[in-house]
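J.: what follows is a predicted structure for the sequence shown.
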Amino acid sequence: MPHLDPTSEVYAARYYCLLDVLKTEGLVEPQYDANSPGEWLAWAHGVRWMIRFLFESRSRVILLANDTLPAPRSFPEIDELTRYLDEVFHRDGNQGDILGSAYPTITWSETLVLLEQANQAEHRPLANPQY
């Protein structure tokens, strides 16, 4: 990476740190519990904010330094995580109904979360027996 001005360096550093964190976030997704959805929802919303900051950081570096960083979607882990959360949170681009609302409700699909976690569990190797 060429030498950037200090502001661009900060955004570039934030971009690469977020990439490292987000590459592993899909691996530490908590198991969804319908009786207590708070843990999963906190994880999902936290990851969505990190993805937003990832794209913002990349945009700022490109704007301020006219430099390019690898696209977030060029990393399979980030692309898969983004698609998963977009699907769960019904991100179809239609945000007109929540604009101007004091406390907008973000719709999401509990069924999709449960199906995805069940599919992952089927492909996961069995745990080692504990003696």
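T.: Perfect, I can see it now.
J.: output the longest helix belonging to the chain.
T.: Secondary structure of the chain per DSSP state H: the longest helix is helix 38-65.
J.: helix or strand next in line after it, which one?
T.: Next helix or strand after helix 38-65 toward the C-terminus (DSSP states H and E): helix 76-88.
J.: and the following helix or strand past that next one, which residues are buried?
T.: Later in the chain than helix 76-88, the nearest helix or strand by DSSP H and E is helix 110-123. Neighbour-count burial for helix 110-123 flags 113, 116 (criterion: 16 or more other CB atoms under 10 Å). Every residue, glycine included, has its C-beta placed from N, CA and C.
J.: can you check stretch 41-48 too?
T.: Going by 16+ other CB under 10 Å, stretch 41-48 has these buried residues: 44, 47-48.
J.: packing partners for the longest helix of the chain?
T.: Contacts defined by 3 or more CB pairs under 8 Å, 6 or more residues apart in numbering; DSSP states H and E place helix 38-65 against helix 6-25, helix 76-88.
J.: now the first one - C-alpha only, CSV.
T.: As requested, the backbone C-alpha atoms of helix 6-25 are provided in CSV (Å, rounded to 0.1, in the frame of the first residue of the first chain):
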residue,chain,number,x,y,z
PRO,A,6,-2.9,10.3,8.0
THR,A,7,-6.7,10.4,7.7
SER,A,8,-6.6,7.9,4.8
GLU,A,9,-4.2,5.7,6.8
VAL,A,10,-6.7,5.5,9.7
TYR,A,11,-9.5,4.5,7.4
ALA,A,12,-7.3,1.9,5.6
ALA,A,13,-6.2,0.5,9.0
ARG,A,14,-9.8,0.3,10.2
TYR,A,15,-10.7,-1.4,6.9
TYR,A,16,-8.1,-4.2,7.4
CYS,A,17,-8.9,-4.6,11.1
LEU,A,18,-12.6,-5.0,10.3
LEU,A,19,-11.8,-7.5,7.5
ASP,A,20,-9.8,-9.6,10.0
VAL,A,21,-12.6,-9.5,12.6
LEU,A,22,-15.4,-10.2,10.1
LYS,A,23,-13.7,-13.1,8.5
THR,A,24,-14.1,-15.0,11.8
GLU,A,25,-17.5,-13.6,12.9
